[in-house]
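Engineer: Okay, here's the prediction I keep looking at, along with the sequence it came from:
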Amino acid sequence: MLSRILAGAALLLLLWWAFRLSMGLRWSKIERERARRREEETGRRVVAELPLPEGVIFLVADDRALHWGDHSVARGDVVGARLLLNSAVVSTATRAGVDLPEPPAPEEEPGREKWEVMAYLRDGRALTIGCGAVREGISRHAARAVFEALRQEVQA
């Protein structure tokens, strides 16, 4: 009889844990969608959701600039962009007549995909937009969306 009570208690604890986990995930999704709507209500367009260790941040575009986290860059200041996988160049876009500096040496990280986009600015600076290292194509999709937005700015 005692073993059945303990098994029942263990089952209830397991069910409670699963319920709390599912409600936490649901709440995170609701909060992310609410934050996305707030950004869109201000007239900004959400380009990508960047899955970073500190949480999901949005890369948003308005008429004048691209914004992510505490960073922003004026649209007209972008002269080139590179899509990077573990620091290896996957794709490049530049304005006509602009030469980008040599890319960084690729990093060896077996079993890990770290996606980034480098935005090269008119004043010579290069900004790294981290797009995460989440598997299942989530980070790759975010990085491609960011690169595509920068590529459109470069070709405009």
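Structural biologist: Nice, thanks for sending it over. Residues are numbered from 1 along each chain as shown.

Engineer: which regions of this protein sit below the pLDDT cut-off?
Structural biologist: 109-110 (pLDDT under 70).

Engineer: isn't there a strand covering E31?
Structural biologist: No: per DSSP: H, G, I helix; E, B strand; the rest coil, E31 lies outside any strand segment and is helix.

Engineer: For it, give me its contacts.
Structural biologist: Contact analysis of E31 by C-beta atoms under 8 Å, 6 or more residues apart in numbering lists nothing. Heads up, the C-betas are built off the backbone N, CA and C, glycines and all.

Engineer: What separation is there between it and A9?
Structural biologist: Per C-beta to C-beta, to the nearest Å, E31 is found 33 Å from A9.

Engineer: any idea how far the residue nearest to the spatial centre of the chain lies from C131?
Structural biologist: Most central in the chain under C-alpha atoms, centre = their mean is L50, positioned 1.7 Å from the mean C-alpha point. According to C-beta to C-beta, L50 and C131 sit 6 Å apart.

Engineer: tell me, what's touching these two both at once?
Structural biologist: By C-beta under 8 Å, 6+ apart, the residues touching both L50 and C131 are 142, 146.

Engineer: So in terms of bridging, what pairs with the residue nearest to the centre of the chain?
Structural biologist: With DSSP bridges as the criterion, L50 is bridged to I57.

Engineer: Touching, it and L66? I think so.
Structural biologist: No: the criterion here is C-beta atoms under 8 Å, and L50 misses it with L66 at 12.0 Å.

Engineer: Touching both of those two, which residues are there?
Structural biologist: Here L50 and L66 have L59 as joint contacts, going by C-beta under 8 Å, 6+ apart.

Engineer: got the domain boundaries for this protein?
Structural biologist: Here the domain parsing of the chain from automatic domain parsing is 1-41, 44-155.

Engineer: Packed most tightly, which of those domains would that be?
Structural biologist: Highest mean neighbour count of the domains of the chain: domain 44-155, a mean of 17 (counted as mean count of other C-beta atoms under 10 Å).
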